[in-house]
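[1] Pasting the sequence and the predicted coordinates here, then a few questions.
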Amino acid sequence: MKFSWLSVVAAICGISLAQSPIKLTGAIKVADPKAGSPVGPLSESVALSRTALDGVPSPAGIANAWFGQQMIGGTKVSFTVGKSLTFEQGTPAAAQVDTLFVDLNADGKFDSNERLTLIVTPIKGRGDAPSPGETGAPVDLVFTFGGATTKAKATFFNMNPSTSLNLSFASYLEAVVKIGEEDCTVAVVDQDFDGRFGGAMDLWVLSKKGDRPATIYAMNGMSEHAFANGQSVGIKVGKDNSVEVTMAQATGPIALELDAHRTRVLHIWSSRFDKEREKFVVLQKVDTSRPVAKTPIQWNFVSFEEAIALGKQQNKAVFIDVMAFWCVWCYRMDYYTYCDQEVVDLMNSKFVPCKLIQEQAKEGEYDLLMKEKLKAKGIPAMGVFNAAGEVTHTIGGWKKPEQFLEELNKALAGKTDKGEKQGG
């Protein structure tokens, strides 16, 4: 018998050797979820402030200016929003802002061709309520740096006290492939905004008819596989935007890749929360003096049946956090609560901590927990279960460490609470 390391690796991963690759012609399209696109536009938010940019000359002839910077494709890009002065009168006209400056070539200054018209209108309030702020019509941008061209749209928002620009990158690469007997769509997004598809930092998804548009949180890394119709599917993108698809029979997703996906999504959310932290802790009155754990909660990413079996083996109550990659409040639990030293100590010592992620759960598991067990209407939804698989306590929505510890101690004391409203 001929020995093959490839056969050994394939066996460990639960897949058979791949079939011959299929080369497809890719087409660049514009994401429009309302039209059934497999993905939504990528977006970045540029926070604007009254502080002038360090080392970047402020545009002349501008009043009421807001300034901001954002990393795009590894390059720092500068933005200024303001009101053009009426030179004859030397004073601003009625509208607060009407001009957008973008350093499109990232050369550290605003050129004349980087001055764009901004049309701003009030946002209509609900009913008779006053306008909550104002917004600008989307402005087309074409970034040209790093040897690439990247298109985007910029939308201005002034929602006192927050002022920002939302950058939307809608282009994606699409190809159609048959997996088994089903036509599926391969969609690749330029996650690193370098104007090219298929780079190491880009993401892709395999979409079936009827699937919701995928967010970046649900997408695969370029080296990762999708599991569909009994096949492990991988892709590569050529310089001509062709898409090479490989398929191999499999019994399920590759475990190491599921773990890598969870780590990547956690990092994306953590980076976002780093930016909001200063304001969030004040708004939510988070006690930042509490010790942070050096080692994390020992989470088990298992099915419901496997979680209950672990509880029996360890003679502990089972804690299950039902969440999803797209859920902002779920990841705020990780960022602000699950890292607390007292929370970590209690969870690891008294419970079997488990997470069930919607996008990685076995078919029917998410609905089982949400509808039948927790009777929850939203996530994050958490529950404590006994050895019989019965819920003894529910916890709904984001909780600060002190609040969460109170709930855990209620569960340990046998103070059953199964009627709390779930969801953030």
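    Done, it's in.
[2] Report whether the expected contact of residue 350 with residue 412 is present.
    Yes. The pair residue 350 / residue 412 is scored as a contact, 6.1 Å apart, by CB atoms under 8 Å. Yep, even glycine has a C-beta here, placed from its N, CA and C like the rest.
[3] Return every residue with contacts to both of the two.
    residue 317 (CB atoms under 8 Å, 6 or more residues apart in numbering).
[4] got any ranges where the stretch 301-424 of the chain has weak pLDDT?
    415-424 (pLDDT under 70).
[5] from what I can see residue 339 touches residue 290, true?
    No. Taking contacts as CB under 8 Å, residue 339 lies outside contact range of residue 290: 9.6 Å.
[6] and these two? which has more neighbours close in?
    Of the pair residue 339 and residue 290, residue 339 is the one with more neighbours under other CB atoms under 10 Å, namely 18 against 15.
[7] Contact partners for that one?
    292, 293, 296.
[8] rerun at 7 Å
    Counting by CB atoms under 7 Å, 6 or more residues apart in numbering, residue 339 touches 292, 293.
[9] Output stretch 390-409 as CSV, restricted to C-alpha atoms.
    Once non-C-alpha atoms are left out, stretch 390-409 reads as follows in CSV (Å, rounded to 0.1, in the frame of the first residue of the first chain):
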residue,chain,number,x,y,z
GLU,A,390,-33.6,21.2,31.9
VAL,A,391,-33.1,24.9,32.1
THR,A,392,-32.9,26.1,35.7
HIS,A,393,-32.0,29.8,35.1
THR,A,394,-32.0,32.2,32.2
ILE,A,395,-30.0,35.3,31.6
GLY,A,396,-31.0,37.8,28.9
GLY,A,397,-29.1,40.5,27.2
TRP,A,398,-25.7,42.1,27.9
LYS,A,399,-24.7,42.3,31.6
LYS,A,400,-21.9,44.1,33.4
PRO,A,401,-19.6,41.8,35.4
GLU,A,402,-21.4,42.6,38.7
GLN,A,403,-24.8,42.0,37.2
PHE,A,404,-23.7,38.8,35.6
LEU,A,405,-22.1,37.4,38.8
GLU,A,406,-25.4,38.1,40.6
GLU,A,407,-27.2,36.0,38.0
LEU,A,408,-24.7,33.2,38.2
ASN,A,409,-24.9,33.1,42.0
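[10] buried sites along it?
    391-401, 404-405, 407-408 (16 or more other CB atoms under 10 Å).
[11] got it, and stretch 348-365?
    Those would be 348, 350-361, 365, for stretch 348-365 by 16+ other CB under 10 Å.
[12] try stretch 122-139
    In stretch 122-139, counting by 16+ other CB under 10 Å, buried: 134, 135, 136, 139.
[13] What about those, which are in strands?
    Counted as lying in strands by DSSP state E, out of the buried residues of stretch 122-139, are 134, 135, 136, 139.
[14] Redo those residues as CSV? Include distance to residue 156.
    Supplementary listing: those in CSV, determined by distance: CB to CB, whole Å:
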residue, distance to residue 156
134, 8
135, 6
136, 3
139, 8
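[15] From these, pick the one nearest residue 269.
    residue 135 (25.8 Å; CB to CB).
[16] Please give me every residue in contact with that closest one.
    120, 121, 123, 155, 156, 157.
[17] now do 8 Å
    120, 121, 123, 155, 156, 157, 158.
[18] Pop out the phi and psi values for the second one.
    Here is the backbone geometry of residue 121 (degrees, to the nearest 10): phi -130, psi 150.
[19] do the same with the first one
    The phi and psi torsions at residue 120 (degrees, to the nearest 10) take the values phi -110, psi 140.
[20] Correct me if wrong, but residue 280 is in a helix.
    Yes. Assigned with DSSP: H, G, I helix; E, B strand; the rest coil, residue 280 falls within a helix.
[21] Helices of the stretch 151-300 of the chain, residue ranges please.
    255-283 (DSSP state H, counting those that start in this stretch).
[22] I'd say residue 185 and residue 210 touch.
    No. The criterion here is CB under 8 Å, and residue 185 misses it with residue 210 at 11.4 Å.
[23] Is it correct that residue 345 falls within a strand?
    No. Read with three-state DSSP, residue 345 is helix and lies in no strand.
[24] Identify the residues contacting it.
    Residue 345 neighbours (CB under 8 Å, 6+ apart): residue 293.
[25] Over to residue 205?
    So residue 205 contacts 38, 39, 186, 187, 214, 218, 219, 220, 226 (CB under 8 Å, 6+ apart).
[26] Most neighbours among these, which one?
    residue 39 (27 neighbours).
[27] so that one touches residue 217, yeah?
    No. Residue 39 is beyond contact range of residue 217, at 11.6 Å (criterion: CB under 8 Å).
[28] Past the strand or helix carrying residue 348, which element shows up next along the chain?
    Take DSSP states H and E as the rule and residue 348 turns out to sit in helix 341-350. Using DSSP H and E, the helix or strand that directly follows helix 341-350 along the chain is strand 351-357.
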